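*Asks:* Below are the sequence and a predicted model; questions follow.
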Amino acid sequence: MTEKIYYDDPHISRFTARVTECAPEGENYGIVLDRTAFFPEEGGQCCDKGTLAGMEVLHVSIKNGIIKHICKDPLAPGSEVEGEIDHALRFDKEQQHSGEHILSGLSNSLYGCTNVGFRLASDITTLDFDKPLSPKEIADLEKKANEVVYRNLPVKCWFPPATELEKMEYRSKIELTEDVRIVEIPGVDTCACCAPHVDFTGQIGVIKVIRHEAWKGGVRLTILCGNRAFEHFSKALTTLDTLTKLCSAGLDSICDAVKDIKDKQVKAEAEKNKAETLLLEARIRQAAEGTAASPIVIFTPSCDTRNVRNAINNANSSDRLCAVFAGAEGSYNFIVECKKGGLKTVLENLRKTLNAKCGGSDTMLQGTITAEPKAILELFKD
Ligand SMILES: [Zn+2]
């Protein structure tokens, strides 16, 4: 078993160790040391990053108590190497993980929730509870969790002897019997956990739930703690500042200002659709005044397909073939309609002669085409 230095000193960043094994692993090498400060990917938490003998450690895993470091080049078994973990990243994960324990412990004592899922990724942390929580309950939970941060309680991590463990009440996803590491925040949470944590809850800084969603009959919370929450807040504030300037609004009126823009946009879109449809209808009716038997073929600037369809339906009451090509510079969306049918041949010709991508029925075709208007008109001549 690898000696886990991160348990004795969760703040260690440099350490020396002896290489006990080194074997190829895909394009890289799997390196085992007699001791390590690298926390492996375990219990829903991603692994530490850093270097071994100056080489970047690409991944760290654990199996049967043996921790394996993946590096690009091999290290000689027996040699002594220096390792260094990225302590800023480690501390970031400690902030997230300790914050998660507080939320899970409180959700259990306040609402009887059980944490059934946890994932600490490099950007966000998600925790899943088996019971649904209302937005008000989540807000209360978040508030109480931050009060635990302000109280700056100790976070105690230890391996209790079996006799002591038997009498303890603690959260655990699986049945554990030996070498159970307990992480306790007095009066808030006691949980079996293998990961490094902050020493005091004050080091978490802040706990923020940024999203909640229904999840398998319960709820999934997405959270940011400590520096992640600070950076998120800074980014959100910059965005908000830009938005308020763009809309010439203040913080209190920005939502109304954006809603107003949205309403105007919806209204303008409806007016544009109406105008487009009416214009096309007029052009179809005008074209229909020509030779009674010839097909109506119209080219129009880019236009919503629904408007083309509506205009044809409204304006072409006869049995004549009516085709509208909407677009520019030889690239069009089109609709062809003929109430008496017979568009199968037109479909084949459009595909074969002009390489159109289209489909539909014997009375209505829809598609896209890249061709000169002259070539398209030629096709409809007969
Ligand atoms: Zn944990």
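*Replies:* Ah, there it is.

*Asks:* neighbours around the nearest residue to Gly187 once chain neighbours are set aside, how many?
*Replies:* With sequence-adjacent residues excluded and distances taken as Cβ to Cβ, 6 or more residues apart in numbering, Gly187 is closest to Leu153, at 7.5 Å. For glycine as for every other residue, the C-beta is placed from the backbone atoms N, C-alpha and C. Neighbours of Leu153 under the rule other Cβ atoms under 10 Å: 18.

*Asks:* Looks like Leu153 contacts Asp189 (just checking).
*Replies:* No. Between Leu153 and Asp189 there is no contact, the gap being 10.0 Å when judged by Cβ atoms under 8 Å.

*Asks:* In its sheet, which strands sit next to the lengthiest strand in the chain, and in what direction?
*Replies:* Secondary structure of the chain per DSSP state E: the longest strand is strand 14-25. Within its sheet, and counting by DSSP bridges, strand 14-25 is paired with strand 28-33 (antiparallel), strand 80-85 (antiparallel).

*Asks:* For it, give the mean pLDDT please.
*Replies:* Averaged over strand 14-25, pLDDT sits at 97.

*Asks:* going forward can the numbers begin at 17, since that is how I track them
*Replies:* New numbering, starting at 17: the last item is strand 30-41.

*Asks:* Now do the helices in the stretch 17-166 of the chain.
*Replies:* Along the stretch 17-166 of the chain, the segments classed as helices by DSSP state H, counting those that start in this stretch run 21-24, 103-127, 151-166.

*Asks:* other SSEs contacting the shortest one?
*Replies:* The helices and strands touching helix 21-24, judged by 3 or more Cβ pairs under 8 Å, 6 or more residues apart in numbering; DSSP states H and E, are strand 51-52.

*Asks:* For Phe134, list the residues it contacts.
*Replies:* Applying Cβ atoms under 8 Å, 6 or more residues apart in numbering, we find Phe134 in contact with Gly59, Gly60, Gln61, Glu116, Ser120, Thr141, Thr142, Leu143, Asp144.

*Asks:* Could you single out the most deeply buried of the strands paired with strand 30-41?
*Replies:* strand 44-49 (a mean of 21; mean count of other Cβ atoms under 10 Å).

*Asks:* Thought Ser188 was touching Leu181, still the case?
*Replies:* No. The pair Leu181 / Ser188 is not scored as a contact, 10.6 Å apart, by Cβ under 8 Å.

*Asks:* can you put the strands paired with strand 30-41 in JSON lines and add distance to Ala298 and mean pLDDT?
*Replies:* Formatted as JSON lines, these follow (distance: least, Cβ to Cβ, whole Å; pLDDT from 0 to 100):
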{"stretch": "strand 44-49", "distance to Ala298": "69", "mean pLDDT": "98"}
{"stretch": "strand 96-101", "distance to Ala298": "73", "mean pLDDT": "97"}
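
*Asks:* would you turn these into JSON lines with distance to Asp89?
*Replies:* JSON lines is the format used below for these (distance: least, Cβ to Cβ, whole Å):
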{"stretch": "strand 44-49", "distance to Asp89": "7"}
{"stretch": "strand 96-101", "distance to Asp89": "12"}
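
*Asks:* what's the closest of the ones you listed to Asn80?
*Replies:* Of all these, strand 44-49 sits nearest to Asn80, with 11.5 Å by Cβ to Cβ.

*Asks:* Distance from that closest one to the middle of the chain?
*Replies:* Relative to the chain's own centre, strand 44-49 is displaced by 32 Å; criterion: Cα atoms, centre = their mean, to the nearest Å.

*Asks:* quick one: contacts of it?
*Replies:* 18, 33-40, 68, 74, 82-91, 97, 99.

*Asks:* domains for this structure, by residue range?
*Replies:* As assigned by automatic domain parsing, the chain contains the domains 19-101, 106-257, 285-396.

*Asks:* just to revisit the earlier point, so Leu181 and Ser188 - more neighbours on which side?
*Replies:* With neighbours defined as other Cβ under 10 Å, Leu181 and Ser188 compare such that Leu181 has more, 17 against 12.

*Asks:* Could you check which helix or strand contains the more buried one?
*Replies:* Using DSSP states H and E, Leu181 falls within helix 178-183.

*Asks:* C-terminal to that helix, what's the next element?
*Replies:* With elements assigned by DSSP H and E, the helix or strand that comes after helix 178-183 is strand 198-201.

*Asks:* can you give me the mean pLDDT across that next one?
*Replies:* Per-residue pLDDT over strand 198-201 has a mean of 96.

*Asks:* Against which helices or strands is that strand packed?
*Replies:* Short answer (3+ Cβ pairs under 8 Å, 6+ apart): strand 198-201 packs on helix 103-127, strand 172-174, strand 205-208.

*Asks:* which strands and helices sit next to the second one?
*Replies:* Using 3+ Cβ pairs under 8 Å, 6+ apart as the contact criterion, the neighbours of strand 172-174 among helices and strands are strand 198-201.

*Asks:* quick one: contacts of the strand it packs on?
*Replies:* Residues outside strand 198-201 that contact it (Cβ under 8 Å, 6+ apart) are 114, 117-118, 121, 164, 169-176, 181, 184, 186, 205-209, 211, 213, 217.

*Asks:* List only those of those residues flagged as buried.
*Replies:* Neighbour-count burial (16 or more other Cβ atoms under 10 Å) applied to the contacts of strand 198-201 gives 114, 117-118, 121, 164, 169, 171, 173, 181, 186, 205-209, 211, 213, 217.

*Asks:* With Ile277 as the reference, measure out to the residue lying closest to Thr141 once chain neighbours are set aside.
*Replies:* Once flanking residues are discounted, Thr141 sits nearest to Gln112: 4.6 Å by Cβ to Cβ, 6+ apart. Separation of Gln112 from Ile277 (Cβ to Cβ, to the nearest Å): 37 Å.

*Asks:* picking that back up, Ala137 is in contact with the residue nearest to Thr141, correct?
*Replies:* No. The criterion here is Cβ under 8 Å, and Gln112 misses it with Ala137 at 9.2 Å.
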